[in-house]
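Peer 1: Dropping a prediction and its sequence here:
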Amino acid sequence: MAKILMKGNEAIGEAAIRAGATNYFCYPITPQTEVAEYLARRMPEVGGVFLQAESEVAVGNMLFGAAATGRRVFTTSSSPGISLMQEAISYIAGAQLPCVLLNIMRGGPGLGGILPAQSDYFQATKGGGHGDYRLMVLAPSSIQEAVDLTMDAFPLAEKYRNPVMIIGDGMIGQMMEPVEFPDEVDKGDPATNEGWAATGARDRKPRVIKSLYLDPYKLEENSYVLHEKYEQMKQHEVRYERYKISAKNDLLIVSYGTMARICQTAIDELEQEGVSVGLFRPITLFPYPEKELRKEIEARNVKNVLVVEMSCGQMLEDVERVVQGVKPVTFFGRTGGIVPSPEEAKEQIKNMIKKPTRAKKASKATAKKQAAKKKSSKRQRKDA
Amino acid sequence: MDQYEVLWAGFGGQGVMVAGQLLAYTGIKEGKNVVWLPSYGPEMRGGTAYCTVVISDSRIGSPIITNPRAACVFNRPSFDKFTPRIKPGGLLLVNSSLIDVTTDRDDITEVLVPANKMAIDAGSPKATNIAMLSTFVGATGVVEYDNLLATLEEKLGKKKDLLEINRKVLEAGFKLGKEAVKGKSAGRKVKA
């Protein structure tokens, strides 16, 4: 199929249709409403269900109910809306049901803003709702990758009978890029879910889909079953990309999503100036590419690791966990809807290479403070 | 790695988003990589709107462009905001129908395009964005004229009378852009 120009939100909607999602529940919220707009038109064309619920709380529970029937179910929202779904997501994970969610992240906390952010990393990868559960979390950095990951998300959700969440910042939703849809797509077959799905108990024993286990031994057993699935994900599903990682690197950047692309441009420009920087981009945020990142850090001569995010430092904690103090890990980020420019990233990298161990939190305030400090220390020296 | 970045800016309703999209569609036709990124926020008709388009032969990194190689500004606020951001040696296209000032910068080429007038003369003020787009393509050669025309026919072909007007404006703008930069070096003001 030829490449076509599509907005991220619409391309993801089309990818879900082609992956056989027949149940879509939503509640509009910027910056992902175009997915709903697109699917409102497309779902009836393929005989699927488009339903705008009364709230995200309802959306979450509709997902739960529809997922229990073994059909491919999908919802999309943005940060505050995803927060409202957390109770249902925890139930879905507990009841071991597959479903796919998209979070086009905007600035938070609270109602926050509507501009791009990556500040839902903790929520997505560390639970979000209550209980011992995880989501599989996929983070695309281009519209094509968003399409590919959306199509992969449905079979992955079924393979592990676990919710899969795709997270992208506002730019992934709003940006237009050329995309190509594969001709052959796994549309799924509800019959393969025979064995657990609630399909009507005629001529067979009824099945119970639930997350309630009052017997603590049973509940512990269920939690271990979930835990084992997450271990399997760690074994088999890790995805990442390496960019210009080499023995010559002065610095290794770890960044994901659109932020990683901004770093790429900074890296390309620095290469022209004779500075060698590599980029490690996790594509699965859970399971995190722990072994792979650790290997890069141990094998390389890099003196420093720099984590770059559109948050105050969330994935940073995973990188620190992986690096375990072997190399200094520092952080650069902007948040609240501010997207760092490649120039800003470049500046940070240059500073890092000059003063390797100094942590830089990039806010204008601290930059100003530092500038003021410098000035005053100069002044003091003069006075002395 | 040859990459071209151009920023489109004006009032909501002037067609700046569509101009950028048409350029991006044409880029794909030529097998290039493109990114179209809109400004989004609590927007309204008559408010400011802008988008950036990146066209490249290789993989495109950052969709965020601080200093583009060219800016096409449709109104005065956009002129004030984006003129200082253009890369040295770059190109500034000014809608001189609405903007009555010119830049002091002597390290960029400025082309004055009477875009509203060109569109009205051809039959519809709606073609203002096509006047800017075609002048830009004429001046830079980022995409081929024939491919741009083909995109226009595909995307705006439903209304035959409007397409005819657009085609007229497209031809005039392209010629104007091409003539404007002929033999001119950066820093020369070019009245079109």
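Peer 2: Thanks, I have the structure now.
Peer 1: contacts and neighbour counts: CA atoms only from here.
Peer 2: Noted.
Peer 1: Which residue is the nearest non-sequential neighbour of the residue of chain B found nearest chain A?
Peer 2: Nearest residue of chain B to chain A: B:S62, at 4.0 Å (Cα to the nearest Cα). Leaving aside its sequence neighbours, B:S62 sits nearest to A:I262 (Cα to Cα, 6 or more residues apart in numbering or on different chains; 4.0 Å).
Peer 1: Assign the residue lying farthest from the centre of chain B to helix, strand or coil.
Peer 2: Each residue of chain B has a distance to the centre, and by Cα atoms, centre = their mean the biggest one is for B:P42: 23.9 Å. Using DSSP: H, G, I helix; E, B strand; the rest coil, the secondary structure recorded for B:P42 is coil.
Peer 1: cool, B:I65 as well?
Peer 2: With three-state DSSP as the basis, B:I65 sits in coil.
Peer 1: Same question for B:L93.
Peer 2: Strictly by three-state DSSP, B:L93 counts as strand.
Peer 1: and the most centrally placed residue in chain B, helix, strand or coil?
Peer 2: By Cα atoms, centre = their mean, chain B has its centre lying nearest to B:L133, at 4.0 Å. Secondary structure for B:L133, judged by three-state DSSP, is helix.
Peer 1: One more: the one 5 residues further on?
Peer 2: State at B:G138, reduced to three classes by three-state DSSP: helix.
Peer 1: so how far is B:V54 from it?
Peer 2: Here B:G138 is placed at a distance of 17 Å from B:V54 (Cα to Cα, to the nearest Å).
Peer 1: the more surrounded of those two?
Peer 2: B:V54 (28 against 25; other Cα atoms under 10 Å in any protein chain shown).
Peer 1: Got the confidence number for that one?
Peer 2: Looking at B:V54, its pLDDT reads 98.
Peer 1: can you list the weak-confidence ranges in chain B?
Peer 2: B:1, B:43, B:45, B:183-192 (pLDDT under 70).
Peer 1: Residues of it that sit close to chain A?
Peer 2: By Cα under 8 Å from any Cα of the partner chain, the residues of chain B that approach chain A are B:24-25, B:28, B:33-38, B:40-41, B:61-66.
Peer 1: Can you flag the buried ones in these?
Peer 2: B:24-25, B:28, B:33-38, B:40, B:61-66 (16 or more other Cα atoms under 10 Å in any protein chain shown).
Peer 1: still on that earlier bit, report the separation between the residue of chain B closest to chain A and A:A266.
Peer 2: Distance, B:S62 to A:A266, by Cα to Cα: 8 Å.
Peer 1: what touches both of those two?
Peer 2: Counting by Cα atoms under 8 Å, 6 or more residues apart in numbering or on different chains, the contacts common to B:S62 and A:A266 are A:P342.
Peer 1: that older thread, compute the number of surrounding residues for the residue nearest to B:S62.
Peer 2: When neighbours are counted by other Cα under 10 Å, A:I262 registers 27.
Peer 1: Who are the packing partners of the helix or strand hosting B:A150?
Peer 2: Here B:A150 sits within helix B:145-156, counting by DSSP states H and E. In terms of contacts (3 or more Cα pairs under 8 Å, 6 or more residues apart in numbering or on different chains; DSSP states H and E), helix B:145-156 is packed against helix B:16-29, helix B:160-181.
Peer 1: In it, which residues are buried?
Peer 2: Residues of helix B:145-156 classed as buried by neighbour count (16+ other Cα under 10 Å): B:Y145, B:N147, B:L148, B:L149, B:T151, B:L152, B:E153.
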